[in-house]
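Peer 1: okay, structure incoming, though there's no sequence with it:
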């Protein structure tokens, strides 16, 4: 399912940024470099030699300084070159999976001082980002574009399956036959779509200004996920309880495909099994009725208890609810009838 999320720090290296311009110039010059993206007391403690320059950052200046041995240190906001030709001496007992001297140093520095470090490989013409405990080879713009395309395609496919799951849930709600299994399947689809959207966001961010159109496409695909998810959860979770779908973020990708584990992660009573019946309150169906205020929806659910009670209520009974006029009552009655007929026809 996953095609690999990029770290947040990758945005600092997006195409079109001054830093990326400087790194691309170093790649073109085949000289290699080690660049520390920020400074702190911990970094200063392991730094020796070199010289402080504290000059405004520009790509040409960094390219020339990369011709010297040692690290280039930038200010935390990346607007200034603080020092150059700096020798870094991180603790030798910090584990590293790298083999080259430059990359081993970069990984250890990032782990020890908590500041991102970028390396340029002279032999491979690649840019690598070390942030925290991981290394990420910085994708070229064409690679990013390909990843964005894959992610958006995956989101589109999963969104289609999510919509089908929601339509099926509506049919089951009309027939009063929803089970915990059905709710778990819908929750699973929401979480899968959210994870794919999170990955796509990381690629689009890494594209910088070139990702604007892709960002619009992504927003079009997922912009309504949060409100729909909230309505589903309000239908099946007590008002005072936290929304359970967020708990699925704790599962890894493989665990997310285990429907039993998904159901347990939602936090319902342990004695419930997958075929335990679930009864919706009706928030989601009421929200599909045009121009029905949220306050009125809440009053209706409070008065009639659940979706079955709403389906059974007559127009006259609906008007006994505070804020429900005769016109609103007919609108609600017609809307619920349409939902029922559509589900039965499907």
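Peer 2: Received, thanks. In this text the structure is predicted, and so the values were computed from the model without any measurement.

Peer 1: how is the protein carved up into domains?
Peer 2: The chain breaks down by automatic domain parsing into domains covering 8-138, 142-265, 283-345.

Peer 1: now tabulate those domains in JSON lines and tack on mean neighbour count, distance to residue 274 and mean pLDDT.
Peer 2: The way it works is simple: take the backbone N, C-alpha and C, and place the C-beta from them, glycine included. What follows is the domains of the chain, written out as JSON lines (neighbours: other Cβ atoms under 10 Å; distance: least, Cβ to Cβ, whole Å; pLDDT from 0 to 100):
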{"stretch": "domain 8-138", "mean neighbour count": "17", "distance to residue 274": "37", "mean pLDDT": "92"}
{"stretch": "domain 142-265", "mean neighbour count": "17", "distance to residue 274": "4", "mean pLDDT": "92"}
{"stretch": "domain 283-345", "mean neighbour count": "16", "distance to residue 274": "21", "mean pLDDT": "93"}
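
Peer 1: hey, where'd the helices end up in the protein?
Peer 2: 18-29, 41-45, 59-65, 101-113, 141-174, 180-206, 212-222, 225-236, 259-265, 283-287, 294-304, 307-312, 315-318, 326-345 (DSSP state H).

Peer 1: just give the nearest non-adjacent residue to residue 215, would you?
Peer 2: Counting by Cβ to Cβ, 6 or more residues apart in numbering, the nearest residue to residue 215 once its immediate chain neighbours are dropped is residue 204, at 5.1 Å.

Peer 1: ok so, going back, turn the helices of the chain into JSON lines, including distance to residue 73.
Peer 2: Output for those, formatted as JSON lines (distance: least, Cβ to Cβ, whole Å):
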{"stretch": "helix 18-29", "distance to residue 73": "13"}
{"stretch": "helix 41-45", "distance to residue 73": "7"}
{"stretch": "helix 59-65", "distance to residue 73": "10"}
{"stretch": "helix 101-113", "distance to residue 73": "10"}
{"stretch": "helix 141-174", "distance to residue 73": "27"}
{"stretch": "helix 180-206", "distance to residue 73": "23"}
{"stretch": "helix 212-222", "distance to residue 73": "32"}
{"stretch": "helix 225-236", "distance to residue 73": "41"}
{"stretch": "helix 259-265", "distance to residue 73": "44"}
{"stretch": "helix 283-287", "distance to residue 73": "54"}
{"stretch": "helix 294-304", "distance to residue 73": "53"}
{"stretch": "helix 307-312", "distance to residue 73": "62"}
{"stretch": "helix 315-318", "distance to residue 73": "69"}
{"stretch": "helix 326-345", "distance to residue 73": "63"}
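
Peer 1: I'd say residue 145 and residue 204 touch.
Peer 2: No. Under the criterion of Cβ atoms under 8 Å, residue 145 makes no contact with residue 204, lying 10.1 Å away.

Peer 1: before we move on, back to that, quick one: closest of the helices of the chain to residue 273.
Peer 2: Closest approach to residue 273 among the helices of the chain (Cβ to Cβ): helix 180-206, 7.1 Å.

Peer 1: just to revisit the earlier point, quick one, what contacts the residue nearest to residue 215?
Peer 2: Going by Cβ atoms under 8 Å, 6 or more residues apart in numbering, residue 204 touches 148, 211, 214-215, 218.

Peer 1: rewinding a little: of the helices of the chain, which is nearest residue 126?
Peer 2: So among these, helix 18-29 is nearest, using Cβ to Cβ, at 7.7 Å.

Peer 1: so the closest one versus helix 141-174, what angle?
Peer 2: Between helix 18-29 and helix 141-174, the angle comes out at 130 degrees (axes from the mean of the first three to the mean of the last three Cα atoms, to 10 degrees).

Peer 1: what about helix 18-29, distance to the chain center?
Peer 2: 29 Å (Cα atoms, centre = their mean, to the nearest Å).

Peer 1: again with stretch 109-120
Peer 2: Mean-position distance between stretch 109-120 and its chain equals 24 Å (Cα atoms, centre = their mean).

Peer 1: end-to-end on it?
Peer 2: Length of stretch 109-120, first residue to last, Cα to Cα, to the nearest Å: 15 Å.

Peer 1: residues contacting that stretch, please?
Peer 2: Against stretch 109-120 from outside (Cβ under 8 Å, 6+ apart): 9, 12-13, 23, 26-27, 31-40, 42-43, 46, 66, 88, 90-91, 94, 102-103, 106-107, 126-133, 138.

Peer 1: and the residue nearest the centre of this structure?
Peer 2: The structure's the chain has its C-alpha centroid closest to residue 198; by Cα atoms, centre = their mean the separation is 2.4 Å.

Peer 1: okay, it and residue 151: tell me how far apart.
Peer 2: 10 Å (Cβ to Cβ, to the nearest Å).
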